[in-house]
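>>> Give the three-dimensional model of this entry:
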Amino acid sequence: MVGNQSAPGPVAAAMAYLAGRREDTDASRVMALGVSGGGGAVVALSARNNPGLKVVVNVSGGFALINRERNSDRLTEAMPYYGARSKIPNL
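Down below sits the predicted model:
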């Protein structure tokens with residue numbers, strides 16, 4: 001298995017929570033931004049192809065995606081794996 005498959009779970013849960021509880025939230029136009037471990041999580045989230053997610057921004061992210069190991073080889077496997085499965089822009 002590449003990366004941490006559970007990493008995007010909390011981000012997806014936050015999207016669902018906000019969409020159901022706030023009038024000023026449009027669940028059909030969501031941008032996810034993550035820094036460090038969150039950056040890796042939003043890249044993984046983009047591979048799930050959530051219909052409301054329109055773009056993700058990864059800022060210096062990824063290492064925590066690999067179970068907090070400092071393993072750049074596994075990181076270079078994970079990012080293309082998720083990127084190939086994503087149908088939305090990743091910055």
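
>>> Remind me what the helix or strand where Gly40 lies packs against, helices and strands.
Counting by DSSP states H and E, the element that carries Gly40 is helix 37-46. In this structure, helix 37-46 makes packing contacts with helix 9-21, strand 30-35, strand 53-59, helix 72-85, judged by 3 or more C-beta pairs under 8 Å, 6 or more residues apart in numbering; DSSP states H and E. C-beta coordinates here come from the backbone N, C-alpha and C atoms, glycine included.

>>> Need the phi and psi values for the residue in the chain sticking out farthest from the centre.
Residue distances from the centre of the chain (C-alpha atoms, centre = their mean) peak at Glu23, which lies 24.0 Å from the mean C-alpha position. Summarising the backbone geometry of Glu23 under the convention degrees, to the nearest 10, its torsions are phi -70, psi -30.

>>> Report the inter-axis angle for the helix holding Gly40 versus helix 72-85.
Taking axes from the mean of the first three to the mean of the last three C-alpha atoms, to 10 degrees, helix 37-46 and helix 72-85 form an angle of 40 degrees between their directions.

>>> Now Tyr82. Nearest residue, chain neighbours left out?
By the measure of C-beta to C-beta, 6 or more residues apart in numbering, the closest residue to Tyr82 outside its immediate chain neighbours is Ala47, 4.2 Å from it.

>>> can you pull the contacts of the one you found?
Taking C-beta atoms under 8 Å, 6 or more residues apart in numbering as the definition of contact, the neighbours of Ala47 are Pro8, Tyr81, Tyr82, Gly83, Arg85, Ser86.

>>> got a winner among the residues you listed for most neighbours?
Each of the contacts of Ala47 was scored for neighbours by other C-beta atoms under 10 Å, and Pro8 scores highest at 28 neighbours.

>>> Next one: the residue nearest to Tyr82 from Asn90, what distance?
With the distance defined as C-beta to C-beta, to the nearest Å, Ala47 ends up 10 Å from Asn90.
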